[in-house]
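Student: Build the 3D model from these lines:
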Amino acid sequence: MLETFGIEEEFILVDRRTLAPAQIAAGAIRRLGAQTQSGNVSCEFLPSQLEHSTRVCRDVFEAERCVLSFRNAIAEWADQHDVIAVPSGTPFQVSYEPLALPLARYEQIASDVGLIANEQFMNGMHVHIGISSAEEGVRVLNGLRPWLPALLALSTNSPFWAGLDSGHYSWRTIQTRRWTTSGIPPHFTDADDYQRVHDRMIGVGATQHYSKTNWAIRLSEPYPTVEVRVFDMQLTAREAVSIAAILRALANAAADGRLQNAPARTAVLDAELWHAARWGLTDGLYEPLSGTHAAAEYVLATLVRVIKPALERDGSFDYVRPFLREIELGVTGAVRQRASLAQGVPALGSLYRSSLVAA
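Tutor: You can find the predicted model right below:
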């Protein structure tokens, strides 16, 4: 049984009034420390951005304590500096000021990708699921591939870009498709096949020795985990942890061979991923067991049926249930952001600030 997991959350600091990025993340990192009781704090690609990685967790309550501990700490620091740490896949505004990138590695990436670097205002939530071997990891990866469009849809939380409504529920997903590798990886025969494909990518485009394939799911190199990168950053800690619990339950079904997914072409899954980014839960989703495009309500009911045994076994079903109810009603972070902006930019800023520390 796959028990351990961890959550990485990325935040962009923005001016409290304009919601424009503020390039002061280095100060927050110095103040909060590289290591905390809840995990690790580090810089991200942008000087307005930072990341928190939880320690290795075994249950949803431990994970929520870790996530909330850092969120409260960064919220307090942000209040003192008249900024907001945005819990969204993209900030409302972007900035085209010259970027003082925090690491030489990021300078090299920026050189490789050109103008794409100036628009890297994206916050992802990455979930790591502990595995016992690379072979088990590939089984999990193959089993989860067809579920990525649905997982994206229930996590959509990046509707805005440059002060405008993008028309998408996850504009972050659309932005990431410009990189050398992105989206759905191919099906792999085994761990050796995965390594061969991965190694072949190194040196192509912006996939250099300092980085890795940018697929929405991959085997982590520094840790014995499967890393799922499809999720937008979440408004609240409970949403983040609920998604991690759902993913762990689905990964356990994949590891045990209980997922009877229909054969799926990568091109079809990648198109379905784009569809989920565009429409969220409003225009159907890919249904992995049948390989068809079906009503979102049906796909979500299938997902719950698949994951419920594992959620009940690890004691997290009651924790996840409120999140599932919201998703069944079609309420994601993107929906709540749009409703807030309808009341004005200050209301959107208030949503970001209040959600950041919400249990």
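Student: what residue ranges in the stretch 151-300 of the chain score low on pLDDT?
Tutor: For the stretch 151-300 of the chain, applying pLDDT under 70 flags the ranges 206, 209-211.
Student: quick one, helices of the stretch 201-350 of the chain?
Tutor: Under the criterion DSSP state H, counting those that start in this stretch, the stretch 201-350 of the chain carries helices at the ranges 237-255, 266-279, 296-313, 317-328, 333-341, 345-356.
Student: Can you tell me which of the ones you listed is packed in deepest?
Tutor: helix 237-255 (a mean of 25; mean count of other Cβ atoms under 10 Å). Glycine gets a C-beta too; all of them are placed from N, C-alpha and C.
Student: Put the alpha carbons of that helix into PDB.
Tutor: Output of helix 237-255 as PDB, limited to C-alpha atoms (Å, rounded to 0.1, in the frame of the first residue of the first chain):
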ATOM      1  CA  ALA A 237      -5.300  24.100   2.500                       C
ATOM      2  CA  ARG A 238      -8.200  21.700   2.800                       C
ATOM      3  CA  GLU A 239      -8.600  21.700  -1.000                       C
ATOM      4  CA  ALA A 240      -4.900  21.000  -1.500                       C
ATOM      5  CA  VAL A 241      -4.900  18.200   1.000                       C
ATOM      6  CA  SER A 242      -8.100  16.700  -0.300                       C
ATOM      7  CA  ILE A 243      -6.700  16.500  -3.800                       C
ATOM      8  CA  ALA A 244      -3.500  14.800  -2.400                       C
ATOM      9  CA  ALA A 245      -5.700  12.200  -0.600                       C
ATOM     10  CA  ILE A 246      -7.700  11.600  -3.800                       C
ATOM     11  CA  LEU A 247      -4.500  11.200  -5.800                       C
ATOM     12  CA  ARG A 248      -3.000   8.700  -3.200                       C
ATOM     13  CA  ALA A 249      -6.200   6.600  -3.300                       C
ATOM     14  CA  LEU A 250      -6.100   6.600  -7.100                       C
ATOM     15  CA  ALA A 251      -2.400   5.700  -7.100                       C
ATOM     16  CA  ASN A 252      -3.100   2.800  -4.800                       C
ATOM     17  CA  ALA A 253      -5.700   1.500  -7.200                       C
ATOM     18  CA  ALA A 254      -3.100   1.800 -10.000                       C
ATOM     19  CA  ALA A 255      -0.300   0.100  -8.000                       C
END
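Student: Redo the helices of the stretch 201-350 of the chain as TSV? Include distance to Glu76.
Tutor: Putting the helices of the stretch 201-350 of the chain into TSV (distance: least, Cβ to Cβ, whole Å) gives the following:
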stretch	distance to Glu76
helix 237-255	15
helix 266-279	33
helix 296-313	33
helix 317-328	26
helix 333-341	22
helix 345-356	10
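Student: among those, which is nearest Arg196?
Tutor: Taking Cβ to Cβ, helix 266-279 is the member of the helices of the stretch 201-350 of the chain nearest to Arg196, at 16.3 Å.
Student: Give the other helices and strands that that closest one contacts.
Tutor: helix 148-155, helix 171-176, strand 285-287 (3 or more Cβ pairs under 8 Å, 6 or more residues apart in numbering; DSSP states H and E).
Student: repeat that for 6 Å
Tutor: helix 148-155 (3 or more Cβ pairs under 6 Å, 6 or more residues apart in numbering; DSSP states H and E).
Student: what's the helix it packs on in contact with?
Tutor: 216, 230-232, 243, 272-273, 276, 280-281, 285-286, 299, 327 (Cβ atoms under 6 Å, 6 or more residues apart in numbering).
Student: Out of those residues, which comes closest to Val60?
Tutor: Ile243 (10.7 Å).
Student: what's the spacing between that closest one and Phe323?
Tutor: 8 Å (Cβ to Cβ, to the nearest Å).
Student: again with Val306
Tutor: In terms of Cβ to Cβ, Val306 sits 16 Å off from Phe323.
Student: same thing with Met201?
Tutor: Met201 is 35 Å from Phe323, by Cβ to Cβ.
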